[in-house]
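when you get a sec, could you give me coordinates for this:
(one chain, ligands or ions: 2)
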Amino acid sequence: MKNIKRNYALAKERYAELAVNTEQAIKTLSRVSVSLQCWQGDDVGGFEKPGTALSGDGIQVTGNYPGKARTVEELRADLEKVFSLLPGRHRLNLHALYGEFVNKPVARDQIGPEHFKGWIDWAKRNHLKLDFNATCFSHQKAETGFTLSSRDKEIRKFWVEHVKRCRKIAALMGKSQNSPCIHNLWIPDGSKDLPADRWTHRQLLKESLDEIFAIKYHRKYLKDSLESKLFGIGSESYVVGSHEFYLSYAIKNGLIVCLDLGHFHPTESVADKISAILQFSNELLLHLSRGVRWDSDHVVILNDEIRSVMEEIVRGDALKKVHLALDFFDASINRVGAWVIGARAVLKALLIALLEPQALLKKFENEKNNLTRLGLMEEAKTLPFGAVWDYYCLKNNVPAEADWLKEVQAYEKKVTGKRL
Ligand code: RNT
Ligand code: ZN
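Ligands and ions are numbered 1, 2, ... in the order given. This next block holds a predicted model:
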């Protein structure tokens, strides 16, 4: 602890030489909330039917590390542990299949606020705000590979009703927490092999969305976002809700687009898209994830991609416009630990961006001094941000350095490791 304070004092001096105020960076960081995905705790299982796992249609979880949450109580306990290891105040992102359908299955086109009252109360007690997602996958009515864009009118009607109900639930959450709830919509619709007709499904999706969003809620309570994807398992050749589709739809209708870091070509930069989209939209949602080969949902780590995304947000002074949410699920390692690694990596990346000698970099750029600009960018990579991070953790009474690992291990011994 003595070292943490001493290291911080030295780092603070070093940053000051580059016109960076570490105290200000810490203050800004402490005001940012990241929305944590409930689905990391049980491999996107949910509570519709106890013991069911994510079934195909577009996303997949691999691994069978013991200790996954099996009940609402277990999931909440795990989340409380995770939040206790993160500096700052954050949010919880729920999926519709996580409602409390205790002992009586409820059809997705029948769900209502009553199934989420427990979550709302729990969130209040834990000073957390909620976000929400319709669940248009892991369902018999999604098995053909099409939901909102299905050619079958009955199937479409079912999913339209589901999403309508989800938005209603989300708006209620927003109202009761005094902070808008973001409702994000991702659907798995697409096809494995070459379609002969790419047009009809997109037209049907547009019609379904028009019906869904005809119902208006105050933005104080609900903000709607749409998430595209490049391809999925079983939708390799065609995805109805592509980036162009949703970007166009969102801009035209005043909705928010959600960019998932794992949903683009590997050489495409999501960081570069932020300043483009925000010229035409007031807000953006990011699903922070890590694509590896075919999987778009590996645990987030402090890599170049996440760092450049945070840099872009900070350089554009866009922290109020960009909503940050985690989206990964890994069943092959301790799930609580995976959550913590991803969430802490995001906060670290943001801190590093806040500590960037931005004023100097922009000055050199204006002076066309490109060698110094590049040189300083290189030097900035080895500045002592770790010392600032540890100090920030200490200040927030959460484990600094690698101490969170001990806590996760103790929790495994006492709790998750005992789940059979
Ligand atoms: C799937 C999307 C989507 C899901 C969650 C569970 O590829 O990324 O966001 O991960 O809705
Ligand atoms: Zn996502």
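
what's opposite the residue of the stretch 101-250 of the chain found nearest ligand 2 in the beta bridge?
Closest to ligand 2 within the stretch 101-250 of the chain is residue 227: 5.4 Å, counting by Cβ to the ion. (C-beta placed from N, C-alpha, C; glycine too.) Per DSSP bridges, the residues bridged to residue 227 are residue 258.

was I right to think it contacts residue 256?
No. Residue 227 is beyond contact range of residue 256, at 9.8 Å (criterion: Cβ atoms under 8 Å).

residues that sit against both of those two, list them.
residue 285 (Cβ atoms under 8 Å, 6 or more residues apart in numbering).

residue ranges for the helices of the stretch 301-420 of the chain, please.
304-315, 335-354, 358-366, 370-380, 385-395, 403-414 (DSSP state H, counting those that start in this stretch).

cool, the chain as well?
Taking DSSP state H, the helices of the chain run over residues 2-17, 22-30, 72-84, 117-125, 153-177, 199-213, 243-253, 270-277, 304-315, 335-354, 358-366, 370-380, 385-395, 403-414.

who does the fourth one touch, helix- and strand-wise?
Which is helix 117-125. strand 91-95, strand 129-133, helix 153-177 (3 or more Cβ pairs under 8 Å, 6 or more residues apart in numbering; DSSP states H and E).

still on that earlier bit, looking at the helices of the stretch 301-420 of the chain, spot the one closest to ligand 1.
helix 335-354 (13.0 Å; Cβ to the nearest ligand atom).

run the angle between the closest one and helix 370-380 for me.
140 degrees (axes from the mean of the first three to the mean of the last three Cα atoms, to 10 degrees).

from the contact counts, what lies against helix 335-354?
Going by 3+ Cβ pairs under 8 Å, 6+ apart, helix 335-354 lies up against helix 22-30, strand 34-37, helix 72-84, helix 304-315, strand 322-326, helix 385-395, helix 403-414.

what comes into contact with the shortest one?
Counting contacts by Cβ under 8 Å, 6+ apart, the residues outside strand 34-37 that touch it are 79, 82-83, 88, 90-93, 131, 182, 288, 323-329, 339, 343, 346-347.

could you do stretch 326-334 as well?
34-37, 39-40, 43-44, 61-65, 67-68, 93, 260, 262, 287-290, 297-300, 338-339, 342-343, 346, 408, 412, 416.

let's see the ChimeraX selection covering just the buried ones among these.
Remark: buried members of the contacts of stretch 326-334, expressed as a ChimeraX selection using 16 or more other Cβ atoms under 10 Å:
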select :34,35,36,37,39,40,43,44,61,65,67,68,93,260,262,287,288,289,290,297,298,299,300,338,339,342,343,346,408,412,416
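
just checking: which of the contacts of stretch 326-334 also lie near ligand 1?
Counting by Cβ under 6 Å from any ligand atom, 39, 44, 260, 287, 297 from the contacts of stretch 326-334 sit close to ligand 1.

close enough to count as contact, the second one and residue 96?
The one in question is residue 44. No. Residue 44 lies out of contact with residue 96 (Cβ under 8 Å); the separation is 11.7 Å.

contact residues of the stretch 101-250 of the chain facing ligand 1?
Counting by Cβ under 6 Å from any ligand atom, the stretch 101-250 of the chain comes close to ligand 1 at 133, 186, 227, 229.

export those residues to CSV and tack on pLDDT, neighbour count and distance to residue 127?
Converted to CSV, these look like this (pLDDT from 0 to 100; neighbours: other Cβ atoms under 10 Å; distance: Cβ to Cβ, whole Å):
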residue, pLDDT, neighbour count, distance to residue 127
133, 99, 27, 22
186, 98, 26, 28
227, 98, 21, 27
229, 97, 24, 33
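
now distance to residue 391 too, for the residues you listed, in a markdown table please.
Converted to a markdown table, those look like this (distance: Cβ to Cβ, whole Å):
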| residue | distance to residue 391 |
| --- | --- |
| 133 | 35 |
| 186 | 38 |
| 227 | 36 |
| 229 | 39 |
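
ok, so of those, who is nearest residue 278?
residue 227 (17.1 Å; Cβ to Cβ).

need the contact list for that closest one.
184-186, 241, 246, 257-260, 263, 285, 287.

apart from its chain neighbours, what residue comes closest to residue 72?
Closest residue to residue 72 apart from its sequence neighbours, by Cβ to Cβ, 6 or more residues apart in numbering: residue 100 at 5.7 Å.

the one you found contacts residue 122, correct?
No. The pair residue 100 / residue 122 is not scored as a contact, 10.2 Å apart, by Cβ under 8 Å.

the residue nearest to residue 176 when sequence neighbours are not counted and residue 103, how far apart?
Sequence neighbours aside, residue 120 is the residue nearest to residue 176 in space, at 5.6 Å (criterion: Cβ to Cβ, 6+ apart). Remark: distance between residue 120 and residue 103 (Cβ to Cβ, to the nearest Å) = 20 Å.

ok, residue 67 next?
Residue 67 is 24 Å from residue 103, by Cβ to Cβ.

equivalent analysis for residue 289, please.
34 Å.

same check on residue 155?
Counting by Cβ to Cβ, the separation of residue 155 from residue 103 is 28 Å.

then residue 243?
Distance from residue 243 to residue 103, counting by Cβ to Cβ: 41 Å.

looking at the two, which has the bigger crowd around it?
Neighbour count, other Cβ atoms under 10 Å: between residue 243 and residue 103, residue 243 has more, with 18 against 6.

surely that one touches residue 230?
Yes. Residue 243 lies in contact with residue 230 (Cβ under 8 Å); the separation is 7.5 Å.

joint contacts of those two?
Contacts common to residue 243 and residue 230, judged by Cβ under 8 Å, 6+ apart, are 263-264.

identify the residues contacting residue 168.
112-113, 215.

quick one: which of these is nearest residue 359?
Ranked by distance to residue 359 (Cβ to Cβ), these are led by residue 215 at 45.9 Å.

quick one: low-confidence ranges for the stretch 151-300 of the chain?
Within the stretch 151-300 of the chain, not a single segment meets pLDDT under 70.
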